[in-house]
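Chemist: Quick check, what structure comes out for this input:
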Amino acid sequence: MLENVWSTIDLFLDHLRFEKEASPHTVTNYAADLAQFAEFLDHQEVVRPENVDSRMVRFFLREIMGFGYSKTSVSRKLSAVRSWSAFLKERGMLSSDPAKLVRGPKLPKLLPRALSREDAQLLVEEGPDGGDRTRDRAILELLYGCGLRIAELVSLRWEDLEPVEERMLRVAGKGEKERIVPFGQCALAALREWRSFVPRDAPFLFPGLKGGAVTVRTVHRVVLRAAARVGLSGVSPHTLRHSFATHLLEGGATLAVVKELLGHESLLTTQRYLAINAEHLRESYRVAHPRAKGEEGHV
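Modeler: Residues are numbered from 1 along each chain as shown. Here you go, the predicted structure:
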């Protein structure tokens with residue numbers, strides 16, 4: 001029996017709920033976006049999913065953009081349609097995937113957010129609490145003090161910072177490219193305190209419950225809990241990485257140095273992370289350029 005568009009959407013949503021165990025919020029969003037696509041197909045008198053082609057998907061995107069939807073919303077709706085059509089192709093209900101090669105709108109590149117120096121200090125020093133305070137403090141000190149990606153943090157081993165007194169951390173970054181990152185006295189003190197809680201035979205800096213490393217999800221929760229305790233919102237592990245880079249630059253570090261510490265391949269990538277405020281630009285220009293001052297040395 002051939003399925004119609006609406007019934008295949010129901011199948012896909014059940015797949016998300018029961019096989020993928022997606023959150024109710026995720027399922028609700030997919031349901032709303034796919035219902036909008038199905039209503040569009042109804043107006044085109046397209047009933048069967050096998051009659052959907054890439055031209056119709058593009059027409060759908062143009063129509064909702066014409067209604068004033070943002071590029072971000074349009075991109076999300078295209079993602080929902082792609083997931084649905086890929087599911088049907090995988091289940092043999094479509095011979096080809098009509099949405100696979102459809103391009104969404106080009107999204108603007110948003111600069112990551114950086115905390116102020118005061119908020120970063122508050123988060124690291126006052127955010128950790130409870131039974132895991134010592135571990136959480138060490139996690140936050142390394143995220144902010146070293147600018148680590150969350151995947152780099154969870155894979156750290158004690159051998160990566162030996163001898164600890166040298167305050168140098170060996171980090172395996174993207175593509176297994178290794179770099180050396182220094183850390184400060186605050187992180188050293190936090191790590192020394194945390195070491196007394198960790199079994200000597202535990203290889204990972206932050207062990208998980210099942211003998212391996214702590215999970216990425218756990219580290220996300222550590223940051224979110226700490227931020228909530230000190231009244232900060234919209235803070236993630238990446239926020240601390242960006243704050244690390246921004247504060248280094250504002251303190252006088254060169255872009256090339258920050259690039260190496262972050263483990264970037266290109267300076268262009270580093271520049272995207274570092275949103276320098278206008279006052280810092282003016283001050284840097286005033287100090288560095290010979291024509292920034294008047295004849296008597298006044299700005």
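Chemist: Check what contacts stretch 168-180 and list those residues.
Modeler: With C-beta atoms under 8 Å, 6 or more residues apart in numbering as the test, stretch 168-180 has contacts from 142, 146, 148-149, 152, 155-156, 160-161, 181-183, 260-261, 263. Heads up, the C-betas are built off the backbone N, CA and C, glycines and all.
Chemist: Need the buried ones from the residues you listed selected in PyMOL.
Modeler: Filtering those down to the buried ones (16 or more other C-beta atoms under 10 Å) takes a single PyMOL command:
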select buried, resi 142+146+148+149+152+155+156+160+161+181+183+261+263
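Chemist: just the contacts of stretch 168-180 now: which is nearest His25?
Modeler: Arg149 (25.7 Å; C-beta to C-beta).
Chemist: element containing the closest residue in space to that closest one that isn't next to it in sequence, please.
Modeler: Leaving out its chain neighbours, the residue that sits closest to Arg149 by C-beta to C-beta, 6 or more residues apart in numbering is Arg241, at 6.6 Å. Secondary structure assignment for Arg241, by DSSP states H and E: helix 237-250.
Chemist: ok, now Leu169?
Modeler: With DSSP H and E as criterion, Leu169 is part of strand 168-172.
Chemist: pLDDT of that strand, averaged?
Modeler: With pLDDT averaged residue by residue, strand 168-172 scores 91.
Chemist: Tell me the first helix or strand C-terminal of that strand.
Modeler: Next element after strand 168-172 (DSSP H and E): strand 178-182.
Chemist: ok, back up a step: the residue nearest to Arg149 - how many residues pack around it?
Modeler: For Arg241, the neighbour count with other C-beta atoms under 10 Å is 23.
Chemist: May I have the residues that are in contact with it?
Modeler: Pro112, Leu143, Gly147, Leu148, Arg149, Leu262.
Chemist: doesn't Leu249 make contact with Val257?
Modeler: No - between Val257 and Leu249 there is no contact under C-beta atoms under 8 Å: 9.1 Å.
Chemist: Who has more neighbours out of these two?
Modeler: Between Val257 and Leu249, counting by other C-beta under 10 Å, Leu249 is the more crowded of the two (21 against 13).
Chemist: hmm, back to that, next secondary structure element downstream of the helix holding Arg241?
Modeler: Next in sequence after helix 237-250, counting helices and strands by DSSP H and E, comes helix 255-262.
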